[in-house]
Structure formats: structure tokens, C-alpha cells
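Engineer: Make a model of this:
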Amino acid sequence: EPEELPVVLADPEPQVPVVRPDPEDTEVPAVRPELPELPEPDQTVMNPAKPARVKPVEGKVLRPFSGEDLVYDRTMGDWRTHNGTDFSCDEGDTVMAVLDGSVAEIYEDALLGTCIRIDHGAGLESLYCGVVAADGLKVGNTVTAGQTIGRADRSNLAESAQETHLHLEMTEDGLYVDPMSILK
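Structural biologist: Predicted coordinates:
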């Protein structure tokens, strides 16, 4: 026959007395203690400033970006798209970077003259045509918006029927965009 095991009862949970304060013995302060003042939120973190944007030269727009619309080209004598914005200026006027970035390329184009391409990051690039590069400017240099990158000249033969100007093209992820939509 199996041996009987003694039955052991577990002690019930010990009772912890609950002590409630006597309402007459409790003092409630009439005024809440002063809380320290919180500093104003850092607006630069909450609302980061847009990057500085500058026109490449001081002049007015001579010929706007046309998108997919064909426009008459006096120099070439035909209808074509105009992938950039032409800004009036005088030969020798300062040409500035429109946004912060790094110089990706400086080259000579048979029709557009000396061209400077700047990579602004996030797929955005600008191309300045018809310029003389500033002394010491080279591929890999970091530039800031408003920094001189060159001087306007008349080397842009593709648009030589127009007065002296700077031709600025901008691309986003490889697609042409209206420079004025970026610069506003």
C-alpha cells in the first residue's frame, strides 16, 4: 500500500495593515511650489532653415526654362526646348553657386562654352554655362551658396544671338527642373 504523505498547508499571505492618514493631520499647501521655467524650444531643430539659395548673377531672367514646350531659338533658327534659365549680365560679372555643394565637373563644351557642374546632394545638381572658372576652383572643392565660382563670358555659342548672359540648368535625379522653382 502506498505511503500516505502528510498534508502541509501553505501559510496564507501575511496581512499588511493599511494605515490611512487622518485628514485633519494632513496639511495641503495652499499654492503649488514654483516649477522652474522651461527654456524656449530650439527653433532651428523644430523648423530647420531652408538652405540658402541665391541667384547665380544679379541680372533679370532673359529666357525662362521651357520644360517640354518648344520655344524659338534665334541662334539656331529652330524650335526646341530650353532646359535652363538665362540670366542677363555683363561679361566679367561674378557668377555664384546657387546652393551649397561640391564641384563635380569643370569642362569645355563646343556649344555651351566653359561649364561648371555642382552636386548639391540628394540628386540635385546645377550646371553653369558660359563662364570662366574662378582661379583655383577645381573638381572636389566644396562651395557655399553665394560663393564666387567664376565670371560670365560669351563662350556659350549655342545662344550667341542673345546678349551676354549666364545659362543655368538644374537637374533633380537626372531630370531637368526649372531653376526658378528651386531658387524661389
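
Engineer: Every contact and neighbour count from this point should use C-alpha atoms.
Structural biologist: Fine.

Engineer: so what's the spatially closest residue to Ala158 that is not a sequence neighbour up against?
Structural biologist: Nearest residue to Ala158, sequence neighbours excluded (Cα to Cα, 6 or more residues apart in numbering): Leu111, at 4.9 Å. Counting by Cα atoms under 8 Å, 6 or more residues apart in numbering, Leu111 makes contact with 155-158.

Engineer: Narrow these to those in strands?
Structural biologist: The strands in this structure, assigned by DSSP state E, contain none of the contacts of Leu111.

Engineer: Most neighbours of all these, which one?
Structural biologist: When neighbours are counted as other Cα atoms under 10 Å, the busiest of the contacts of Leu111 turns out to be Asn156, with 24 neighbours.

Engineer: picking up where we left off before, in TSV: the contacts of Leu111, plus pLDDT.
Structural biologist: TSV is the format used below for those (pLDDT from 0 to 100):
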residue	pLDDT
Ser155	90
Asn156	90
Leu157	89
Ala158	88
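
Engineer: any idea how far Leu175 is from the nearest residue to Glu125 once chain neighbours are set aside?
Structural biologist: With Cα to Cα, 6+ apart as the measure, Asp119 is the residue that lies nearest to Glu125, at 4.6 Å, once sequence neighbours are left out. According to Cα to Cα, to the nearest Å, Asp119 and Leu175 sit 14 Å apart.

Engineer: Adjacent strands (with direction) for whatever helix or strand Gly150 lives in?
Structural biologist: For Gly150, the host element (DSSP states H and E) is strand 148-152. Strand 148-152 has its sheet partners listed here by DSSP bridges as strand 94-96 (antiparallel), strand 131-133 (antiparallel).
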